[in-house]
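Asker: Quick one: sequence plus predicted model below, questions after.
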Amino acid sequence: MTRLIFLGPPGAGKGTQAIALSEICTVPHISTGDILRSAVTQQTDLGKKAEFYMTAGELVPDNLILDLIRERLSQTDVTSGWVLDGFPRNVPQATFLDELLEAIQQPCDFVVNLDVPDEVIIARLLKRGRQDDTEEVIRNRLQVYRQQTAPLIDFYRNRQQLVSVDGNQPMEVVTEELRKIVSV
């Protein structure tokens, strides 16, 4: 049984590694972005609410994200484990997640922090070639990450759940390090 949370700045490889590990461990990869898109596509009540914010170009409020996560973690395919990618994004969300996981008796095994230097992230994201990936926008996203999400590193380190992995290595090397962590 594997239950992992992935942390790291945008462009660190969270999604890539979370997908790889979910396949290795044969557990669902749970991405908040995927949950939002799915809920919107299915036009669930929560999806309709999320779509309103997304269409307006605003961040979906925490309480709505929390409801979506609660709904997703109550589905039957996650009883054998999961890899959570993109959530939590701040300490209040992490506190909620702790309470939720305790209530549904699905404690997290590890919180994986992919550590990648800013200059490497900027180069990676610029190489993607997306229209909104300008150096200025990327630096701003990294600053927002440092302010909002980076405190989670200390939050989980203080609970002895954090495992940091050097994400500035070839993809296969990072995957192999993660495989060793979960002993699969």
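Answerer: Right, received. Where do you want to start?
Asker: Pretty sure Leu36 sits against Glu71.
Answerer: No. The criterion here is CB atoms under 8 Å, and Leu36 misses it with Glu71 at 11.6 Å. For glycine as for every other residue, the C-beta is placed from the backbone atoms N, C-alpha and C.
Asker: The two: which is more packed in?
Answerer: Counted by other CB atoms under 10 Å, Leu36 and Glu71 do not tie: Leu36 has more neighbours, with 21 against 14.
Asker: helix, strand or coil for Trp82?
Answerer: Assigned with DSSP: H, G, I helix; E, B strand; the rest coil, Trp82 falls in the strand class.
Asker: neighbours of the nearest residue to Leu73 once chain neighbours are set aside, just the number please.
Answerer: Excluding its sequence neighbours, the residue lying closest to Leu73 (CB to CB, 6 or more residues apart in numbering) is Ile104, at 6.2 Å. Ile104 sits with 13 neighbouring residues when counted by other CB under 10 Å.
Asker: got it, and Lys14?
Answerer: So Lys14, with other CB under 10 Å, has 23 neighbours.
Asker: heads up, I number from 465, so please use that
Answerer: Sure, I'll start numbering at 465, so the last one becomes Lys478.
Asker: Next, find the distance separating it from Tyr517.
Answerer: Using CB to CB, to the nearest Å, Lys478 is found at 22 Å from Tyr517.
Asker: Likewise for Gln557?
Answerer: Using CB to CB, we find Gln557 at a distance of 16 Å from Tyr517.
Asker: and if you look at Ala567?
Answerer: The gap separating Ala567 from Tyr517 is 26 Å, by CB to CB.
Asker: Mind jotting down where the strands sit in the protein?
Answerer: 466-471, 493-495, 545-549, 574-579, 626-630 (DSSP state E).
Asker: So Ala567 and Tyr517 - more neighbours on which side?
Answerer: A direct count of neighbours by other CB under 10 Å for Ala567 and Tyr517 places Tyr517 higher, at 14 against 10.
Asker: give me every residue that touches that one.
Answerer: Neighbouring residues of Tyr517 by CB atoms under 8 Å, 6 or more residues apart in numbering: Leu523, Val524, Pro525, Leu528.
Asker: And for Phe619, the neighbour number?
Answerer: Residues lying near Phe619 (other CB under 10 Å) number 19.
Asker: wait, doesn't it sit right on Ala558?
Answerer: Yes. Contact criterion CB under 8 Å: Phe619 and Ala558 qualify, at 5.5 Å.
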